[in-house]
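K.L.:
What shape does this take:
(chains A and B)
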Amino acid sequence: MDALLTALAASLSWQSVLATFFGSLVGLIFGAIPGLTYSMALAMVLPITFTMGHTPAIAMLLGTYIGGMTGGAVSAILIGVPGTPSAAATVLDGEIMGKQGKASLAIGIATIAGCIGGILSLIVMLVSVDALARVAISFGPAEITALVVFGLSTICGLAGGSLVKGLIGGVIGLMLMNIGQDPIDGVPRFTFGSTAMLQGVDLLVAMIGLFAVPHVVTVFATYWRGKEMKIDPGHVRTELPSWRLLLAQRWNFLRSAAIGTVVGAIPGTGGPIAAFLAYDQAKRWSGHPETFGKGEVSGVVAPEASNHAVTGGAMIPLIGLGIPGDPATAIILGGLLIHGIQPGPLLFMEKPDVISSIYLLFVLSYIITALIQLFGVRLFVKALRVPPHLLALGILVMCVIGSFAIRNSLFDVGVMSLVGFLAYWLIKGGIPVTPILLGLVLGPTLEREARTALIMSEGSPTVFVESYTALLFWGLALLILLSQVVTMVRERNGKASKATT
Amino acid sequence: MTGTVRTRDLLTGSLLLVVALVWIGLILTTIPDAEGMPSSARTFPLASGIGLAVLSAIVVAGALFGNTADADQKRAGPGLDALEWRGIAATFGFLVGYIALLWAVGFILATVVALAAYLFLMLGKRSPALLIGYPVGFALAVWLILGKLLAVYLPRGVLFNLF
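P.N.:
Residues are numbered from 1 along each chain as shown, chains lettered A, B, ... in the order given. As a prediction, the model looks like this:
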């Protein structure tokens, strides 16, 4: 009890609150601009924390981490370009809601969903940090491969009208990530002797091109046709979600937060997998799945609750075992070590006040981030009042800067442009974009983990089906694939019988 | 890429099939195989290439022999008209020109010049307030907030730099 009171006093001191506010704001800005990542934001604020006490330092790092995760949804909803890979699934319905004049509602529900998802994941972290950390760490390359294949199976739900075209999109995403050095042996692939090509296609760079360039081309063509939508300022409502709407989403919050927490606890996975899995599950459990992709609120709630729950999930191996699951938690771990805090089982016994501070600051970061976001909604939606062609020009410049900032490379800007035009042609050819993104996100993990598993098993493919966990994920992936095939056959037969009558 | 779903699928599928075959050819000729190893740098690209070839062949076959009674009548969505081509050319032209300017003169000058030129030449804007205010305001805002306040590294020119 003493530890909790000490932690409460330290966490609610003006220094900690100010540090959380600053961190959340920086994280939100970096998260909202496509190309700038919250890992970059964390790297930027880390030196600032050196001179602070450990509680404000943790406050700033957690604020930045959580703010960055939240910011991704703003650009996903307002301009249809996800600020972070974790917000990619939010575009599917969030952008449509924005176009329907419900941008503020979408941002509001995304913020609240994120806050609830994050806090639910904290509750799971509180009660299961020890047990879940041990389960999560038992995931080897074979289990992660099976999990990633399960993640890829969501292509079935995102393929639109044609499963084959959805799979083509997924394969193209995987192929793009094959360019550059191979992750195990370092062999150059498709580099044609170019040193710049060795670094390959960065996920964020590809993601920016995939979403931004086709959008910009369409906006300019619409402007020249004289059909540009005149935004009526009255049409852009600043409406926040009602209690009734939030209550209707309760199961979606819980299910998505559970998915996010579990996925987040597994090192090397992360927000995008969790978000797509949650989106797919929300669609499957919905009574009206046909509304998904057309501005469905549940389609915003699921990915946002899930990707925020990843933050709590990722803290489980970090705090419980001292193992970071992604670059962002690795930077947080670095920050903790600099301040003399060594995460792991001993920390719970030796410094219970620090553990309590981390929990409290986690909640504080979510509350402050949500408040900034909800108060900022009026400001954010003002962006929609700018004529679309002028906004598109600004988006193009920001995408160039974002692509450049990832590795300080103009080569990446060129890659972003090429991926964008490839995406445009594919869209025109009837190939959906979202499966391409899934291939991009999951491809490197799939190759790295599958090859590592094969090396460890000396080439025996049975390694992939030896554990119950892996079998569970394979079974779930197969189930999703089969159910999609059955649905499509039924739809086709239904159409054929309608045509004959 | 205009016309019916059947035409569109035939074109897209054929093009992707060619891409897949070229991809497989490149793998077999440029990426070394690792003898005796369970997997090599070739494994995943080859599997992806074969996957694309099979899937695009299914699309082509579906377009040629599929029992899609309405495929010939069904429109494939908006095609590429002259304005859409103009949109592609203008966006790609802007990106190429902007990248070249960033390389040569750095962020601020490149952004001001590229935005002003695009507004004037492509979007037909003639208002001096917009032609000066938008590019200068945008470039300075990004430079101040991202470059100075948040310490994001912005491109620096090899020939000339402002600030």
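
K.L.:
ok, the residue lying closest to A:N408 once chain neighbours are set aside - contacts?
P.N.:
In space, and not counting its chain neighbours, A:N408 is closest to B:Y153: 5.3 Å by CB to CB, 6 or more residues apart in numbering or on different chains. For every residue, glycine as well, the C-beta is placed using N, CA and C. When contacts are counted by CB atoms under 8 Å, 6 or more residues apart in numbering or on different chains, B:Y153 is found next to A:A405, A:N408, B:G147.

K.L.:
Buried members of the residues you listed into PyMOL, please.
P.N.:
What follows is the PyMOL syntax for the buried subset of these, where burial is set by 16 or more other CB atoms under 10 Å in any protein chain shown:
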select buried, (chain A and resi 405) or (chain B and resi 147)
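
K.L.:
What is the burial count for residue 33?
P.N.:
Looking at chain A here, since you left the chain open. The burial metric for A:I33, expressed as a neighbour count using other CB atoms under 10 Å in any protein chain shown, is 26.

K.L.:
switch to chain B, that's the one I care about
P.N.:
B:D33: 13 surrounding residues under other CB under 10 Å.

K.L.:
didn't it look like it was pressed against B:R42?
P.N.:
Yes. Contact criterion CB atoms under 8 Å: B:D33 and B:R42 qualify, at 5.4 Å.

K.L.:
Please name the residues that touch A:L204.
P.N.:
A:P34, A:G35, A:T37, A:P85, A:G402, A:S403, A:I406.

K.L.:
Can you show me the helices along chain B?
P.N.:
Here chain B has its helices, by DSSP state H, at B:5-30, B:43-65, B:82-105, B:107-117, B:128-142.

K.L.:
And for the stretch 301-450 of chain A?
P.N.:
Taking DSSP state H, counting those that start in this stretch as the criterion, the stretch 301-450 of chain A carries its helices at A:327-338, A:345-350, A:352-381, A:388-407, A:410-428, A:433-456.

K.L.:
Out of the ones you listed, the one nearest A:V216 is which?
P.N.:
helix A:388-407 (4.6 Å; CB to CB).

K.L.:
Now the two most distant members of the contacts of A:L204.
P.N.:
For the contacts of A:L204, the maximum inter-member distance is 14.0 Å, found between A:P85 and A:S403 (CB to CB).

K.L.:
Those two: who's more crowded?
P.N.:
Taking other CB under 10 Å, A:P85 and A:S403 do not tie; A:S403 has more neighbours (31 against 22).

K.L.:
Do I have it right that A:T452 meets A:P183?
P.N.:
No. Checked against CB under 8 Å, the pair A:T452 and A:P183 is beyond contact range at 9.2 Å.

K.L.:
Near chain B, which residues of the stretch 351-500 of chain A are found?
P.N.:
Counting by CB under 8 Å from any CB of the partner chain, the residues of the stretch 351-500 of chain A close to chain B are A:389-390, A:393-394, A:396-398, A:400-401, A:404-405, A:408, A:410, A:413-414, A:417, A:421, A:424-426, A:428-431, A:443, A:446-447, A:450-451, A:454-455, A:457-460, A:499.

K.L.:
coming back round to it: look up how far A:A405 lies from the residue nearest to A:N408.
P.N.:
Distance check for B:Y153 against A:A405: by CB to CB, to the nearest Å, it reads 6 Å.

K.L.:
The one helix or strand in chain B whose mean pLDDT sits lowest and chain A in contact?
P.N.:
Taking mean pLDDT, DSSP states H and E as the measure, the helix or strand of chain B with the lowest value is helix B:82-105, at a mean of 90. Yes. With CB under 8 Å from any CB as the criterion, chain A is reached by helix B:82-105 at B:83-84, B:86-88, B:90-92, B:94-96, B:98-99, B:102-103.

K.L.:
and the residues you listed, which are buried?
P.N.:
B:83-84, B:87-88, B:90-92, B:94-95, B:98-99, B:102-103.

K.L.:
Adding distance to A:L318, write these out as TSV.
P.N.:
Shown next, in TSV, are those (distance: CB to CB, whole Å):
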residue	distance to A:L318
B:L83	52
B:E84	48
B:G87	46
B:I88	46
B:A90	47
B:T91	42
B:F92	43
B:F94	43
B:L95	39
B:Y98	40
B:I99	39
B:L102	38
B:W103	40
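
K.L.:
Which two of the residues you listed have the greatest separation?
P.N.:
Spanning the widest gap among these are B:L83 and B:W103, at 30.3 Å by CB to CB.

K.L.:
In the stretch 1-150 of chain A, where is pLDDT below threshold?
P.N.:
Low-confidence segments of the stretch 1-150 of chain A, defined by pLDDT under 70, are located at A:1, A:3, A:35, A:130, A:132-134, A:136-137.

K.L.:
So which bits of the stretch 1-150 of chain A are right by chain B?
P.N.:
With CB under 8 Å from any CB as the criterion, the stretch 1-150 of chain A meets chain B at residues A:V26, A:I29, A:F30, A:I33, A:L36, A:M40, A:A41, A:M44.

K.L.:
Emit the PyMOL select command for whichever of these are buried.
P.N.:
To isolate in PyMOL the members of the residues of the stretch 1-150 of chain A next to chain B that are buried, counting by 16+ other CB under 10 Å, one can use:
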select buried, chain A and resi 26+29+30+33+36+40+41+44
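
K.L.:
out of the residues of the stretch 1-150 of chain A next to chain B, who's nearest A:Q199?
P.N.:
Distance to A:Q199 across the residues of the stretch 1-150 of chain A next to chain B (CB to CB) is lowest for A:M40, with 16.7 Å.

K.L.:
Pick out the residue nearest the middle of the chain.
P.N.:
Reading this off chain A. In chain A, the residue lying closest to the centroid (CA atoms, centre = their mean) is A:S86, at 0.8 Å.

K.L.:
Actually, chain B is the one I wanted.
P.N.:
With CA atoms, centre = their mean applied to chain B, the nearest residue to centre is B:F92, 7.9 Å.
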